[in-house]
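> generate coordinates for the sequence data below:
(chains A and B)
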There are 2 protein chains.
Amino acid sequence: MLREAIYHRPKNNYAYAYDEETLHILLQTKKNDVEKVSLIYGDPYDWQDEKWNYKSSEMIKSGSTMEYDFWFATVKPEFRRMRYGFHCSDDKESIIYTERGYFEEVPADTAYYFCFPYLNKADVFTPPSWVKDTVWYQIFPERFGNGDPSINPEGTLEWGSTDPTPTNFFGGDFQGVIDHLDHLVELGITGIYFTPIFKAYSNHKYDTIDYMEIDPQFGDKETFRRLVKESHKRGIRVMLDAVFNHSGYYFPPFQDVLKNQENSTYKDWFHIWDYPVTPEPKPNYDTFAFVGSMPKLNTDNPVVKDYLLKVARYWIEDFDIDGWRLDVANEVDHAFWREFRSVVKDAKPDAYILGEIWHDSMPWLQGDQFDAVMNYPFTNGAIDYFGKNEMSAENFASSITNVLHMYPKHVNEVAFNLLDSHDTPRILTLANGNLDRVKLLYLFQLSFIGSPCIYYGDEIGMAGGQDPGCRACMEWDETNQNRDLFEFVKGLIELRKLEPVFGNHADFRMVEANNDQNYIVYEKFHADKTLIFILNNSMDPIQVNLGQYGPCNEWKLEDMS
Amino acid sequence: MLREAIYHRPKNNYAYAYDEETLHILLQTKKNDVEKVSLIYGDPYDWQDEKWNYKSSEMIKSGSTMEYDFWFATVKPEFRRMRYGFHCSDDKESIIYTERGYFEEVPADTAYYFCFPYLNKADVFTPPSWVKDTVWYQIFPERFGNGDPSINPEGTLEWGSTDPTPTNFFGGDFQGVIDHLDHLVELGITGIYFTPIFKAYSNHKYDTIDYMEIDPQFGDKETFRRLVKESHKRGIRVMLDAVFNHSGYYFPPFQDVLKNQENSTYKDWFHIWDYPVTPEPKPNYDTFAFVGSMPKLNTDNPVVKDYLLKVARYWIEDFDIDGWRLDVANEVDHAFWREFRSVVKDAKPDAYILGEIWHDSMPWLQGDQFDAVMNYPFTNGAIDYFGKNEMSAENFASSITNVLHMYPKHVNEVAFNLLDSHDTPRILTLANGNLDRVKLLYLFQLSFIGSPCIYYGDEIGMAGGQDPGCRACMEWDETNQNRDLFEFVKGLIELRKLEPVFGNHADFRMVEANNDQNYIVYEKFHADKTLIFILNNSMDPIQVNLGQYGPCNEWKLEDMS
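Model (predicted):
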């Protein structure tokens, strides 16, 4: 056995409290190297006749990547304490892996073992339960619907009359969203994620001027309150975008600094290097990227902290929103997010906190900061395989298995699984216009573990390249909509609701990845029900022997629409 | 190269902020497998001509265990953001390791790389700086000195007249400590760690009755305040023991529960399974281990939390203590410790928070909970090798290298490095009475990275087995003290102060481990100074070629005493 490939470390994705009484334990070994792994475990204080009273339980192989196998076990320790090790064996040898290394015999001293000291209820990660069953719809408010032309900003263009640019306006607003809520209901949507709605200069509103005010082009607070109410009435939750990493250039505190320089009472709201402060030719203060018009906020300053936490609380308490999506979340300090969580959960215990992080996000998902992150590792694999057909079936199976083993199971269950967004080309464009590929993407996304999100317009076949192309006006003329695609997506969402094992109430396992014929097989299973998914990613028919999966019935997706 | 052995994950011991501007990056590879590793890194937003502007910098091999090599690099990213990957090569191949796996060429897309999103000052782990230069002395107050016989508890035995038992008393008290502070000063001690001093039933006082009162057998609050003042006057800091995981049986809230059962206002202070609550025959409530007289406190209950946090603040603010050692720290919830840290640091920003954890403690050492843990992984290796001579030189070198790579460097620098305690046999006993082995232990401990602690009496050659044997009365008759050992330890502590590279202001690296001759060689180095340590752990003389370390001068330890 290859010892160097064996890995385990407690209190992350390898050992965690799944609920108040259950621990999940995982082990990594080299792929196809170890034949059997048993978990050796017991209460550290449970001794009999001077011998530790341990149990042994076989672990299941929960998945394989190109390099590793993962082994999984569930334990409910009676007194919520556990010491444990791993008994790994193949036909040649048998070793015990512990915190102190490798042994041929089961060590007698519990001090040698890995330790899960105590399953304290206060430390259990508890994301809001509704998220597991939510299907999101992302709306870029300037481009979804113009329901109130009376508040059009100056120079508003006719809806859809031209291509989107970084600076043009089409007058999308809240009334436009309210007018089209039925479209969302018909599709089966149960959550809206709005990109920023607060007062800002640009059409995307990521350059906040006032976090306490609605941008007048979208409507007023009363209209927003009505939008939330109308959504709730239809079983749709509402999540807003919090841009707390940086403010916009016209944020009054930053303007005050530019004006009053060292004498500004707001100078500690930012990270200023020297005076006079100037955005040109290069900003002499911390910014998002190198964008002088997006000065980084000093979230370690108690005054700034109070202000932003007041914002977080205000929109929940006064408008009943259900979640916050956090822009550039990983560039803000962890200490701030811990306080943010405490304020948000105090205002609404089941609010959803979603961080925008494109990378491995374990440090934010320990229960003290976010409930979830935007699951880009999922996105990357799905787009490269189904969307672009640029990844092999085996590599895709490996990357998806890796995604599922990066985080604890309850973190995966509320992961925000997007295929595209206002920051990427649209899926139809990524798929080079191939609608079959878009359907495969949706089938995979909507049968995967997590909380899926549909980018407005994708469901009716809108195309569009990288920003600004992906931000075109929503197409409301049904004759220009791809209704076949709409019905397909709607059908999948229905299935997700009708059959919990199809949806988010099951385990997921890759079963096969065939590079030659370019297909994958995965299963979803819970209790005595298993669904087998066979996705043909090639242009040719494939031949798969269903018999190998035991007796099973076939579901015909094409019958649905 | 063995890809399966390569490991890196950001934001733990593999990638962390060492200070406000410096990142430390580490990589694990299979031992003796990779010849050269370079860090490829840059600012994610720094592009020129549509190409990412990255740098490459060779990493140094910072140590090897039986299985792995560790590679280390220091970077000061100008804008405190970094994407990075690892270029690993040997004579046959060259690969780039990133968050998305392995590549033959340097990937063009920064999204592929590992991410250290932002070095925020608020997240930098900042232990109190004085701890780096502190040499601790652990006092078990019942057994250090009886300075005030007028407060002897009933049945007090004559000092040292008999062996310690789990229940006998010798009248040790604060006046006894004050009387003997000069002994500590002479030895060079700069910190005292007291096992519990609060009102309790037993001689060890881990069964707290009142966290706000001094146990009367030790003195009153005035005496304790004087003890702290007298210690501070001599440059000695004072750390107390907080037993917050569980209370004692006679803790009034628990007594109230036993008396009033379901009607007790304190019933939510504990974790009670059912009524009537009873400690016999088996407790029907959560306990420390299975000890019915040590009911686990419900630290998730806001009232309990307030009470314990008040305790934490009180002894700092009213008595000026310098640190808290936390008993059974890993069985208490993380959420409680986060609040504890915030209260303690508010009361005294440079207070030291030390958790009792015997296992891998990374989850508590991220900057939001403890400053340090009791470094038992260090203890285990040192005792098995130098103390008992039961470990090979190579295994010892491996275990010590592992200890240094388990945590960030600034965590290691304030680790509480003990050789024994009131919970283990004394080192002289562990070493089977061999004083040379005890000297080797001290030499290693006092030249290692961290904050060393001497258990009272060890320095004058006291022996004693597992509790209660290790808790004998301090020997104050100089003719019964091993003054040679005392002078040896005193000399090492002096060296630690005189020569920062001997002490805690250097890097440490194992250079050689020789199983045949049973010796190890390690080096401490900083800037242009390197000290080479050659420790002969055998009973025979050894022959080592000093020339291989370049021109060097010899220090003669035997000249010291």
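> give me every residue in the stretch 1-150 of chain A lying close to chain B.
With C-beta under 8 Å from any C-beta of the partner chain as the criterion, the stretch 1-150 of chain A meets chain B at residues A:2-5, A:7, A:9-12, A:30-31, A:44-46, A:66-68, A:79-81, A:99-101, A:111, A:114-115, A:117-118, A:120-123. (Glycine included, C-beta is placed from N, CA and C.)
> in strands, which of the residues you listed fall?
Secondary structure defined by DSSP state E assigns A:K30, A:Y68, A:G101, A:F114, A:C115 of the residues of the stretch 1-150 of chain A next to chain B to strands.
> one step back: emit the ChimeraX select command for whichever of the residues of the stretch 1-150 of chain A next to chain B are buried.
Restricted to buried positions by 16 or more other C-beta atoms under 10 Å in any protein chain shown, the ChimeraX selection for the residues of the stretch 1-150 of chain A next to chain B reads:
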select /A:3,4,5,7,9,10,11,12,30,31,44,45,46,66,67,68,80,81,99,100,101,111,114,115,117,118,120,121,123
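> what parts of the stretch 251-400 of chain A come near chain B?
So far as C-beta under 8 Å from any C-beta goes, the stretch 251-400 of chain A lies against chain B at A:286, A:289-290, A:299-300, A:330-336, A:338, A:357-360, A:362-363, A:366, A:368, A:376, A:380.
> switch to 7 Å and redo it
With C-beta under 7 Å from any C-beta of the partner chain as the criterion, the stretch 251-400 of chain A comes near chain B at residues A:289-290, A:300, A:330-331, A:333-336, A:358-360, A:363.
> now these as JSON lines including secondary structure and pLDDT?
Formatted as JSON lines, these follow (DSSP: H, G, I helix; E, B strand; the rest coil; pLDDT from 0 to 100):
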{"residue": "A:A289", "secondary structure": "coil", "pLDDT": "96"}
{"residue": "A:F290", "secondary structure": "coil", "pLDDT": "96"}
{"residue": "A:D300", "secondary structure": "coil", "pLDDT": "97"}
{"residue": "A:N330", "secondary structure": "helix", "pLDDT": "98"}
{"residue": "A:E331", "secondary structure": "helix", "pLDDT": "98"}
{"residue": "A:D333", "secondary structure": "coil", "pLDDT": "98"}
{"residue": "A:H334", "secondary structure": "helix", "pLDDT": "97"}
{"residue": "A:A335", "secondary structure": "helix", "pLDDT": "96"}
{"residue": "A:F336", "secondary structure": "helix", "pLDDT": "98"}
{"residue": "A:W358", "secondary structure": "coil", "pLDDT": "95"}
{"residue": "A:H359", "secondary structure": "coil", "pLDDT": "95"}
{"residue": "A:D360", "secondary structure": "coil", "pLDDT": "95"}
{"residue": "A:P363", "secondary structure": "helix", "pLDDT": "96"}
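> quick check on the residues you listed: which are buried?
By 16+ other C-beta under 10 Å, those give A:A289, A:D300, A:N330, A:E331, A:D333, A:H334, A:A335, A:F336, A:W358, A:H359, A:D360, A:P363 as buried.
> which of those residues sits closest to A:K490?
A:W358 (29.7 Å; C-beta to C-beta).
> and stretch A:14-33, how far out from the chain's middle?
Distance of stretch A:14-33 from the chain centroid (C-alpha atoms, centre = their mean, to the nearest Å) equals 21 Å.
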